[in-house]
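A.B. asks: got a structure for you, letters missing:
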């Protein structure tokens, strides 16, 4: 019996409660629709899926819960600023240790995503319900499995280049928009031992996460982002004592630190 | 007459004032030695070099000063925590816009470096005054110009792998240490339109920045990191109005935002 | 007086002689139009521009000519197979040593490009004279200087994803096509000490290289691809004799090779 | 029951038959020792392991055999030149389609590796039976699982930088050598849908492939390089007819090709 992948779908869960147009599409919240989509494709029971929202204590992202999460999905939009910095630190730390992270749509401006990428993560946008076509740029990529040459979405918000990100390490999708723009819609990075996937389509006024192809991408991304390995001391900066050095050496000159003292941070 | 490259060498400037061993090697501070080294190699007057320290108002990094800086050198060690977050924001913003950044030695743990890379930036270390050899991994790289196959430093602090960084986009140096470790000592990244170079050798108890090869690397790095171009609105997220869209489209469905409203952050 | 950048524009120069529609647009060959475009933007005389074609002895790419070339432009389409493998070897070797290479449009299937990238370099295509918009994905990139947010070409051949290339190290342009496709139209790689830029727009039945924005890109690419440094022994595999080893060691066991013998290839 | 990973270990198998020192260490050939090492770690029967050698018809790499191979190991040294170009074409094609490739030691100069990377793949070397230490640069990487901070090999051939490769996409190991050099010993790239891992330790006069840590790396690499997905038409360049274009367009001008004609190569 191989270990299940523990998935946690996080959502700020605000517009679904405040705006009728959103509530209608996602009556139980986008997190539930996303979780249901993942479950519907999980024929062999590889995933163990849970959800969490901003409103829960510690945003539902306690130390212990994150410690046992393998892949975290992130959906946020109007409440990025309400996410506590301490929780952002935690999520970052877990990604560096090896937890997978899938950031969705407006999550490009989440604290978590900006923290891990270090760039502006800015872009152009337009709400016109226009057509989008996400072209697969690498048909043999695990995240593109089960798809045709492109995903077509009849109504979406437009996101346009330039997208303020570090160069993607693997490009999986690039979008074409009816209004004339393009966008790097499916991008992979690794940070520490964690894998990060950004997936553009949105937003909350369209039934994006009910779309079968989108669900397939999220399911694929979940399996791609899962790293069974981890890097536990990723943030430690240990002093190697001269006695324990692999090649025998003699200290030739004094330093700043006393033996056993911690380094500066 | 071509434009000069405006270089600013920043130093926390603490150990040189507090520790005799450091003061002796760098009586006017490491920033001054670095600046002098750059000047000594600038035969054709390409650079305009200045310095700044932590103790100055706004750490010597005012909006206007950063605005006119092309390449910033960063040296910090025991006072990373004293650098104000607001100044870190500013430096990050300027790098994304196109300012070059050269981070030195213990600067791996500076807020600025960690912010831009998004990772732990952790490493192993040992103060034994041991021998280091920095091997050039790409002899035709601009940062390696004027060097032999390796730089040899008789006494250095050791930094060892694993180094908690995103995969370098260009590797220029890898270090060998007498005690048996290795380290990625010269690494390049681009973030936004800014170029970042990390250079390992240190630390303050050794005359590293008096070494001719090290000075050559810093001079080369300065010219490499300089981007004559810039990306002014790198952090802006403009709404493209339906009227101004390049391909004529009709709004098919309403969105969340009213016309002209700013997006969420 | 700083050294001029020696540019060589290479063209197979066939369709301009065989097809009236092409001859009309490029009466002296595309190489000449490209060279003229570069010259028109070279206000300070930085470039020294020459041309070469397939029909010349050794395709105009003799050892000595390549040795003094800093940046090579490559245009080929129907005669990729006629380029001699020996000349491909030469061009590859020079790129690895540090020569810049700018590959244009249908050059994606040239032997030179496929050799250096190692992949299929395949793509989808359509000749309908449709509209293309090349979006700048990094506005502060040197190759994007002097351009607006996008380049618009009223009539082009379409190239569509998936494009069979290694992940670009720097993405400068992504194209939108009227017919619904997208394409990574401006891509950068480094191989050895050489910089490679691929630029998509074409093809020979449209006046692409008369377009001011396109000429600006080619001029920018020329300066970007120029590496003043070089890696002379990039293909050498020297044996380090035990006597000349930097750290004194003793041979502990015999090997396969006799002292001074060359390695296997 | 999940699909087994089909592994093929290829060896030129010459020095084991010609040189006593090698025959003694690898009496049945290195391919057999490598295959046995993989099998010994495959506790749950994930792998289906076979071997092939240069001497077999088509080097044991027929179309049908490659077609069903998921991961290919490559060991060659003195007979790189004897591998037929047609077989190299085949292996390249399969890698682009998604087959994993693990290249060992002197395979850095194999036609297959040079073809896929496009660079010189040159390096420095020395046969002194010296000590090597391979440091793990990413402890949470799947290829580093089950290892300590470094692998220590008491006797190896030295390979030194500069190593003429494209920048690794993932660095897993960097070597320290007793004689003073360093080397990028564990490097990952993706080409098409195939994953490539280069692993340095060697050579045939040392019992490298009997080492438990080395066997662990090869086992890990095998699982990492396996891509259950594939890109079948990776080398096809289909014409999209105007009638079948996703957005309805009208041909605005004629091209070079007649409807349905193939593109140039």
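C.D. replies: Okay, I see it. The model shown is predicted, which means the values in this text are computed figures rather than measured ones. Residues are numbered from 1 along each chain as shown, chains lettered A, B, ... in the order given.
A.B. asks: Residue C:41 versus the residue lying closest to residue A:17 once chain neighbours are set aside, what's the distance?
C.D. replies: Counting by C-beta to C-beta, 6 or more residues apart in numbering or on different chains, residue A:23 is the residue found nearest to residue A:17 once chain neighbours are left out, at 7.0 Å. Quick note: C-beta positions are derived from backbone N, CA and C, even for glycine. Per C-beta to C-beta, to the nearest Å, residue A:23 is found 56 Å from residue C:41.
A.B. asks: what's near enough to touch the closest residue to chain D within the stretch 1-150 of chain A?
C.D. replies: Closest contact between the stretch 1-150 of chain A and chain D, by C-beta to the nearest C-beta, is at residue A:140 (2.5 Å). Residues near residue A:140 by C-beta atoms under 8 Å, 6 or more residues apart in numbering or on different chains: D:97-98, D:192-194, D:227, D:229-231, D:234.
A.B. asks: Which one (most neighbours) among these?
C.D. replies: Among the contacts of residue A:140, the one with the most neighbours (other C-beta atoms under 10 Å in any protein chain shown) is residue D:192, at 30 neighbours.
A.B. asks: Return the per-residue confidence for it.
C.D. replies: As predicted, residue D:192 sits at a pLDDT of 98.
A.B. asks: any idea how far it is from residue A:124?
C.D. replies: Distance, residue D:192 to residue A:124, using C-beta to C-beta: 32 Å.
A.B. asks: check which helix or strand covers residue A:230.
C.D. replies: Assigned by DSSP states H and E, residue A:230 belongs to no helix or strand.
A.B. asks: Actually, residue A:153.
C.D. replies: strand A:150-160.
A.B. asks: Same question for the strand of greatest length in chain A: list its buried residues.
C.D. replies: When chain A is parsed with DSSP state E, its longest strand is strand A:124-136. Going by neighbour count (16 or more other C-beta atoms under 10 Å in any protein chain shown), the buried part of strand A:124-136 is A:124-136.
A.B. asks: In terms of secondary structure, what does that strand contact?
C.D. replies: Contact partners of strand A:124-136 among helices and strands, from 3 or more C-beta pairs under 8 Å, 6 or more residues apart in numbering or on different chains; DSSP states H and E: strand A:150-160, strand A:170-177.
A.B. asks: hang on, isn't residue A:161 packed against residue A:184?
C.D. replies: Yes: look at residue A:161 against residue A:184 with C-beta atoms under 8 Å: they come within range, at 7.1 Å.
A.B. asks: shared neighbours, these two?
C.D. replies: Common neighbours of residue A:161 and residue A:184 (C-beta under 8 Å, 6+ apart) are C:137, C:174.
A.B. asks: what bridges to residue A:124?
C.D. replies: Listed beta-bridge partners, residue A:124: residue A:160 (assigned using DSSP bridges).
A.B. asks: give me the element residue A:72 is part of.
C.D. replies: With secondary structure defined by DSSP H and E, residue A:72 is part of strand A:71-75.
A.B. asks: Ignoring the adjacent residues along the chain, who's closest to the residue of the stretch 1-150 of chain A closest to chain D?
C.D. replies: Using C-beta to C-beta, 6+ apart, the nearest residue to residue A:140 is residue D:193, at 2.5 Å.
A.B. asks: So residue A:10: helix, strand or coil?
C.D. replies: Following DSSP: H, G, I helix; E, B strand; the rest coil, the label given to residue A:10 is strand.
A.B. asks: I'd say it and residue A:79 touch.
C.D. replies: No: counting by C-beta under 8 Å, residue A:10 stays clear of residue A:79, with 11.8 Å between them.
A.B. asks: So if I had to pick from the two, which one is more boxed in?
C.D. replies: Taking other C-beta under 10 Å, residue A:10 and residue A:79 do not tie; residue A:10 has more neighbours (29 against 15).
A.B. asks: Apart from its neighbours in sequence, what residue is nearest whichever residue of the stretch 51-200 of chain A sits closest to chain B?
C.D. replies: For the stretch 51-200 of chain A and chain B, the shortest gap (C-beta to the nearest C-beta) falls at residue A:127, measuring 2.9 Å. Distances taken as C-beta to C-beta, 6+ apart place residue B:255 nearest to residue A:127, at 2.9 Å, with adjacent residues excluded.
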